[in-house]
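Show me the folded form of this:
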Amino acid sequence: MEYAELMQNIDMLGYTEEYPFLSEISADEQILAEGGEWYLIVPSADDIMITVSEAVMDESDYILKEGELLYEGTGEKPILMRGNVSEIMPNLIITMQKANGEVCKYSPALSMLDSGIQVSEGVIDITCYGCLEN
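Numbers count the residues shown, from 1 in each chain. Predicted coordinates for the structure are as follows:
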């Protein structure tokens with residue numbers, strides 16, 4: 001799906017009404033990796049440094065490692081991402097570093113328990129589940 005089509009769909013579905021800042025996301029803040037799940041990263045402060053890398057499995061210890069760098073920027077704007085070919089294998093690693101040196105690494109994925117966003121320390125799910133259903 002192209003950026004213009006995606007933004008049109010987001011608006012048509014009412015998400016820009018619920019989350020007005022979505023209309024301000026430019027094509028530069030969009031990351032398209034393999035997969036069909038969409039994630040929106042909204043940093044908590046402007047001075048956060050963010051990188052998004054491919055997640056690759058290290059076959060020696062089965063731990064996700066950072067691969068190719070896909071995005072690098074600050075927390076001034078939200079980032080819209082597509083990724084994850086399956087719920088059990090995330091393919092993105094987001095690293096957020098605060099000015100004080102505190103680091104949060106996160107691989108976005110859906111929870112296999114309730115299909116919500118799987119969160120970890122430093123990550124808050126702001127999804128409005130069911131709020132757009134009529």
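
Buried ones in stretch 21-39, by neighbour count?
22, 25, 29-31, 33, 35, 37, 39 (16 or more other CB atoms under 10 Å). Heads up, the C-betas are built off the backbone N, CA and C, glycines and all.

Looking at those, which is nearest Asn9?
Leu22 (11.1 Å; CB to CB).

residue contacts, that closest one?
7, 10-11, 15-16, 40, 78, 80 (CB atoms under 8 Å, 6 or more residues apart in numbering).

So the spatially closest residue to it that is not a sequence neighbour versus Trp38, what's the distance?
Nearest in space to Leu22, with sequence neighbours left out and distances taken as CB to CB, 6 or more residues apart in numbering, is Thr16 at 4.8 Å. For Thr16, the distance to Trp38 (CB to CB, to the nearest Å) stands at 14 Å.

I'd like the mean pLDDT over the longest strand along the chain, please.
With secondary structure taken from DSSP state E, the chain has its longest strand at strand 63-74. Across strand 63-74, pLDDT averages out at 91.

downstream neighbour of that strand in the secondary structure list?
Remark: after strand 63-74, the chain's next helix or strand is strand 79-83, criterion DSSP states H and E.

now the angle between strand 63-74 and that following strand, please.
If you take axes from the mean of the first three to the mean of the last three CA atoms, to 10 degrees, strand 79-83 sits at 150 degrees to strand 63-74.

Pairing partners for strand 79-83, with directions?
If you go by DSSP bridges, strand 79-83 pairs up with strand 30-32 (parallel), strand 37-41 (antiparallel).
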